[in-house]
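Peer 1: need coordinates for the below:
(one chain, ligands or ions: 1)
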Amino acid sequence: MTQSNQPFSRIIGTGAYLPARVLSNADLEKMVDTTDEWIFTRTGIRERRIAAEQESTCDLAEHAAREAMANAGITAQDLDLILVATTTPDLVFPSTACLLQARLGNQGAPAFDIQAVCTGFVYALDVADKFIRTGAARRALVIGAETMSRIVDWQDRSTCVLFGDGAGAVVLEAGDAPGILSTHIHADGRYSDLLAVPAGISCNSARFKAGEAYLTMKGNPVFRMAVKTLGEIVDETLSANRMGRGDIDWLVPHQANIRIIQATADKLGMSMDKVVVTVDHHGNTSGASIPLALHSAVRDGRIRSGETVLMEAFGGGFTWGSVLLKWA
Ligand code: COA
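Peer 2: Below is the predicted model of the structure:
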């Protein structure tokens, strides 16, 4: 127990799901004026997955959630918190978390969505960690799930090459030892013109209803802000834990762009073989990207018990944040 007698939260199971359809850079060459070479050198992306027409964010979330629960050895009735980080919910309401709760067969646990775009999973881990530390929950299911393909303008080459669909999930449980060491989340709402879907329920709703609510982005300033801000969150996280750059065993970054990931690795003095990179095969899946990457490194045995893992993300809002944990 900590001095204040509060439990820690630790991840006891992970899961992930990618839709079956692969959209390669070569496929995109046939859709917009682009090349595999341009996409790969600027972003590190080779291919992304696209949800089938009838496949929703909740469908992707359910696959990832069931795998995480199976790996954790728990059932839905064991959960007392369900959080879904998503920017692309199934419906205006009920929340995707409530839709998922019904499918999993849990009744009574609080369930809600978290909207912090690409930082959504980090925000959701922060919230779940606080539920567990205060004793309000013992077991939490935290999911990042997105169907970004539904808000991408497939005629806009500057954005459509970047995004993909997917879901990742973790189960958190209260325990006497870390677990999560610290979480850090921030936002600065002044930059909404740089990265947004500028249509919705109560603003530009005609465009929303016409199915033309598309993602818009000024790539260059977003890139610069992401690199600067992620450098700062690394410093904040290390300093809060009185750690140095050499104390991090694994970096599990938001998977938006390999050049942004490399900049953070450089900041930490880490070689790229200690950085979990999955952006090449699923592109930017927004809130799903960190749990997708985490699951891949846990499943193949790279991340081991006792190792220190830093997760960080930056996204629309702007929002940004980090989670530092000791792998249990
Ligand atoms: N294929 C070919 N050319 C393209 C292209 C594409 N898919 N998209 C844009 N271009 C062109 C531009 O039109 C521009 O042409 P011009 O010089 O004739 O005007 C040129 O490539 C350079 O564009 P620019 O936007 O300056 O490129 P960049 O080096 O900044 O790379 C991004 C663009 C989007 C890859 C980069 O800005 C980026 O990764 N930004 C951050 C995006 C991100 O991660 N967002 C999510 C944050 S969570």
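
Peer 1: chain neighbours aside, what residue packs nearest to the closest residue to the ligand within the stretch 101-250 of the chain?
Peer 2: Residue nearest to the ligand within the stretch 101-250 of the chain: residue 219 (2.9 Å; CB to the nearest ligand atom). Placement of C-beta: from N, CA and C, glycine included. Using CB to CB, 6 or more residues apart in numbering and skipping the chain neighbours, the partner closest in space to residue 219 is residue 158 (6.1 Å).

Peer 1: touching the ligand at all, the helix or strand hosting the one you found?
Peer 2: Element membership for residue 158, per DSSP states H and E: helix 157-160. Yes - with CB under 6 Å from any ligand atom as the criterion, the ligand is reached by helix 157-160 at 157, 158.

Peer 1: got the phi/psi numbers for residue 131?
Peer 2: phi -60, psi -50 (degrees, to the nearest 10).

Peer 1: can you tell me, leaving aside adjacent residues, what's nearest to the residue sitting nearest the centre point of the chain?
Peer 2: Nearest to the mean C-alpha position of the chain, counting by CA atoms, centre = their mean, stands residue 287 at 3.0 Å. Nearest residue to residue 287, sequence neighbours excluded (CB to CB, 6+ apart): residue 120, at 3.3 Å.

Peer 1: contacting residues for the one you found?
Peer 2: Residues near residue 120 by CB atoms under 8 Å, 6 or more residues apart in numbering: 85, 86, 87, 114, 144, 286, 287, 315.

Peer 1: so which of those also contact the ligand?
Peer 2: residue 315.

Peer 1: residue 219 versus residue 27, what's the distance?
Peer 2: With distances taken as CB to CB, to the nearest Å, residue 27 is found 21 Å from residue 219.

Peer 1: which secondary structure element of this protein has the lowest mean pLDDT?
Peer 2: The helix or strand of the chain with the lowest confidence, counting by mean pLDDT, DSSP states H and E, is helix 205-209 at a mean of 94.

Peer 1: now do the very next helix or strand once past it: which elements does it pack against?
Peer 2: As assigned by DSSP H and E, the chain's next helix or strand after helix 205-209 is strand 216-217. Packing contacts for strand 216-217, counted by 3 or more CB pairs under 8 Å, 6 or more residues apart in numbering; DSSP states H and E, involve helix 157-160, strand 195-196.

Peer 1: so which bits of the first one are buried?
Peer 2: Along helix 157-160, these residues count as buried under the neighbour rule (16 or more other CB atoms under 10 Å): 157, 159, 160.

Peer 1: any idea of the mean pLDDT for the helix or strand that contains the residue nearest to residue 287?
Peer 2: Assigned by DSSP H and E, residue 120 belongs to helix 120-133. In this model, helix 120-133 has an average pLDDT of 98.

Peer 1: relative to helix 120-133, how tilted is the following helix or strand past that helix?
Peer 2: Using DSSP H and E, the helix or strand that follows helix 120-133 in sequence is strand 139-147. Using axes from the mean of the first three to the mean of the last three CA atoms, to 10 degrees, the inter-axis angle of strand 139-147 relative to helix 120-133 is 170 degrees.

Peer 1: packing partners for the helix or strand containing residue 310?
Peer 2: Per DSSP H and E, residue 310 falls inside strand 308-315. For strand 308-315, the packing partners by 3+ CB pairs under 8 Å, 6+ apart come out as helix 120-133, helix 219-240, strand 250-253, helix 258-268, helix 289-299, strand 319-326.

Peer 1: please redo it, this time with the cut-off set to 6 Å
Peer 2: helix 219-240, strand 250-253, strand 319-326 (3 or more CB pairs under 6 Å, 6 or more residues apart in numbering; DSSP states H and E).

Peer 1: contact partners of it?
Peer 2: 117-119, 122, 226, 229-230, 233, 248-254, 290, 320, 322-327 (CB atoms under 6 Å, 6 or more residues apart in numbering).

Peer 1: with only the CA atoms kept, save that strand in CSV.
Peer 2: The C-alpha atoms that make up strand 308-315 are tabulated as CSV, following Å, rounded to 0.1, in the frame of the first residue of the first chain:
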residue,chain,number,x,y,z
THR,A,308,9.2,0.7,-16.8
VAL,A,309,6.9,1.8,-19.6
LEU,A,310,6.1,5.4,-20.8
MET,A,311,3.1,6.0,-22.9
GLU,A,312,2.5,9.5,-24.4
ALA,A,313,0.0,11.0,-26.8
PHE,A,314,-0.9,14.3,-28.5
GLY,A,315,-4.1,15.1,-30.3
